[in-house]
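>>> Give me the fold of what follows.
(4 chains)
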Protein chains: 2
Amino acid sequence: MSIGDVRLSDTKKSGGKKRIRRTAEEARQAILEAAVERLRDSGPASIRLADIARDVGVSHPAILHHFGSREELLAAVVQEALERLHLELFHVLTHAEASEASSVEILNAMAETLETAGHARIIAWLNLSGVVDAVDKDRMRLVAEVVHARRLESLPPGSKPPEFEDTLFTCVLATHAIMGEALIGASLRQSAGLGDDPDAPARFRRWLARLLVQKLEPPS
Amino acid sequence: MSIGDVRLSDTKKSGGKKRIRRTAEEARQAILEAAVERLRDSGPASIRLADIARDVGVSHPAILHHFGSREELLAAVVQEALERLHLELFHVLTHAEASEASSVEILNAMAETLETAGHARIIAWLNLSGVVDAVDKDRMRLVAEVVHARRLESLPPGSKPPEFEDTLFTCVLATHAIMGEALIGASLRQSAGLGDDPDAPARFRRWLARLLVQKLEPPS
DNA sequence: TTTGCTAGTTACAGGGATGTAAGTAGCGCT
DNA sequence: AGCGCTACTTACATCCCTGTAACTAGCAAA
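Numbering: from 1, shown residues only, chains lettered A, B, ... in the order given. Below you'll find the predicted structure:
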């Protein structure tokens, strides 16, 4: 198998000749689902009609029937992936605003969303592949504003308030750290001599959280 | 043009029918050069024999003549890229050890190497594409040890020494930040409302440096 | 100058990917 | 029941990419 791309043999589906007929919407969703998974795991270049068709259990022209062309499928997949990301982030943010979550808890929730759901990988793929508008306008600023508000609230009286950009950059750094963990965490841990340490990731996560706490909510 | 992969039309080279004959070594180098560039810009999946051949100015079977197969070319390209990275990092480190560079200067030099030379992109591509051994064993630990030594040197007398893992994690965080800047810096800046601010990257870099200084070399 | 080695060329074969054409079958509606 | 719509299928056309075969030409050594 090639290093650059995953070639799977286009095996015929066996036996069952019963044709299943979904609604157009269901079919689109099933196809998008499979395609997003491939996007996350192996990047946009590995989105091949025959593969996705096999995942879903249809023939590849069925995909073209619903999406017109691979190009349009890819666009729909990207939009779908970003929509999911935005939905989850929105959920995390509003949830954080409702409860009295600390700044660091917000960042931890963001980490969860980006890392485990595979969104970090998709963002990285899209950025590397040159899809420009991978992150929508001002979302990071909104996050930073929420965090900054909390920061000002918990400010010990008498001390001068931190600048907004300090909070903004802290959020950017946190994002870089989260993305970095998701993308190169494993190999970096290897390179740091922590490869065989099973709870090194958790320890780093805690360490990072403590650093951010110290930065955002310094003891008075 | 597709989002997932870059398709360039295979234009015939014009006019000059004079055949140039390099030594085998020169040819290999020229081919590797072009291939590394493509790896950096568009990822391993976009390494296509015809494209690289056109870049170098030969026909595509010439590449197969020197490398045997696309697979072997790809392996050679990866090895070449990692070798360059290691060479440059080694240079940075030994240079830092020779001069009396501060911890942050070391990290800045690493940033320079990873970001501007395009190594960050290559590392990300390889990690995302599933090439496992993208980072060699213990390099990060070596860096951290150099940094930690400096940290202990500049320790104000009487204060208790920091743990090594604190320094190690700081280096990991710095690496994540550097990688993050190289990979998603632009779109993250957009999302932070700093898209039209030309010296936002420099400001973030300074902010990060100050943070690391504070962490590694606290004022006594 | 001739001869040998090999870097390089053109032409073509084979496989895999996208996309098209024409027909089939599931399901709702009358 | 049967009619129509359309989700889906099979078969095929086409293009691109890798790899092979046979030949060509630059350069060095005799």
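
>>> The lowest-mean-pLDDT helix or strand in chain A - contacts with which helices or strands?
Least confident helix or strand, chain A: helix A:103-116 with a mean of 82, by mean pLDDT, DSSP states H and E. Counting contacts by 3 or more CB pairs under 8 Å, 6 or more residues apart in numbering or on different chains; DSSP states H and E, helix A:103-116 is packed against helix A:70-98, helix A:119-129, helix A:139-153, helix A:164-191, helix A:200-216. No exception for glycine: its C-beta is placed from N, CA and C like everyone else's.

>>> DNA strand D contacts on chain A?
For chain A, the residues in contact with DNA strand D (CB under 7 Å from any atom of the strand) are A:17, A:19-24, A:27, A:53, A:57-62, A:65-66.

>>> Could you give me the PyMOL selection string for whichever of the residues you listed are buried?
Buried subset of those, written as a PyMOL selection, criterion 16 or more other CB atoms under 10 Å in any protein chain shown:
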select buried, chain A and resi 27+53+58+60+62+66
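
>>> Please list which of the residues of chain A next to DNA strand D are also close to DNA strand C.
Answer for the residues of chain A next to DNA strand D near DNA strand C (CB under 7 Å from any atom of the strand): A:19, A:20, A:21, A:60, A:61.

>>> and those, which two are the farthest apart?
Within these, A:21 and A:60 form the most distant pair, 17.1 Å apart (CB to CB).

>>> The residues of chain A next to DNA strand D in helices, which ones?
Here DSSP state H is the test, and those give A:24, A:27, A:53, A:60, A:61, A:62, A:65, A:66 as lying in helices.

>>> any idea which of the residues you listed is least confident?
Lowest pLDDT among these: residue A:24, with 95.

>>> Report the contact partners of it.
Residue A:24 is in contact with residue A:66, counting by CB atoms under 8 Å, 6 or more residues apart in numbering or on different chains.

>>> now it: how far from residue B:186?
Residue A:24 is 37 Å from residue B:186, where distance means CB to CB, to the nearest Å.

>>> Make CSV from the helices and strands packed on helix A:103-116 and add distance to DNA strand C to it.
Putting those into CSV (distance: least, CB to the nearest atom of the strand, whole Å) gives the following:
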stretch, distance to DNA strand C
helix A:70-98, 3
helix A:119-129, 15
helix A:139-153, 31
helix A:164-191, 25
helix A:200-216, 35
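
>>> how about JSON lines for those helices, with mean neighbour count, mean pLDDT and distance to chain B added?
Formatted as JSON lines, the helices and strands packed on helix A:103-116 follow (neighbours: other CB atoms under 10 Å in any protein chain shown; pLDDT from 0 to 100; distance: least, CB to the nearest CB, whole Å):
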{"stretch": "helix A:70-98", "mean neighbour count": "17", "mean pLDDT": "91", "distance to chain B": "5"}
{"stretch": "helix A:119-129", "mean neighbour count": "24", "mean pLDDT": "96", "distance to chain B": "5"}
{"stretch": "helix A:139-153", "mean neighbour count": "19", "mean pLDDT": "88", "distance to chain B": "4"}
{"stretch": "helix A:164-191", "mean neighbour count": "23", "mean pLDDT": "94", "distance to chain B": "3"}
{"stretch": "helix A:200-216", "mean neighbour count": "17", "mean pLDDT": "91", "distance to chain B": "5"}
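
>>> what does stretch A:114-130 contact?
Taking contacts as CB under 8 Å, 6+ apart, the residues outside stretch A:114-130 that touch it are A:36, A:39-41, A:43-45, A:78, A:81, A:84-85, A:88, A:113, A:134-135, A:175, A:178-179, A:181-183, B:3-4, B:42-43, B:121, B:124-125, B:128, B:183-184, B:187.

>>> hmm, 7 Å instead?
By CB atoms under 7 Å, 6 or more residues apart in numbering or on different chains, the surrounding residues in contact with stretch A:114-130 are A:39-40, A:43-44, A:78, A:81, A:85, A:88, A:113, A:134, A:178-179, A:181-183, B:3-4, B:43, B:121, B:124-125, B:128, B:183-184, B:187.

>>> ok, and what's touching stretch A:159-167?
With CB under 7 Å, 6+ apart as the test, stretch A:159-167 has contacts from A:144, A:147, A:148, A:151, A:152, A:155.

>>> how about 10 Å then?
Residues outside stretch A:159-167 that contact it (CB atoms under 10 Å, 6 or more residues apart in numbering or on different chains): A:103, A:141, A:143-152, A:155, A:169-170, A:172, A:215-216, A:218, A:220, B:192, B:194, B:200, B:203-204, B:207, B:211.

>>> What is the end-to-end distance of it?
This stretch, stretch A:159-167, spans 16 Å end to end (CA to CA, to the nearest Å).

>>> Off-centre distance for it?
Taking the mean of its C-alpha atoms, stretch A:159-167 sits 29 Å from the chain's own mean (CA atoms, centre = their mean, to the nearest Å).

>>> ok, residue A:131 - contacts?
A:44, A:74, A:75, A:78, A:82, A:123, A:125, B:3, B:4, B:187.

>>> how close does the second one get to residue A:129?
I take that to be residue A:74. According to CB to CB, residue A:74 and residue A:129 sit 10 Å apart.
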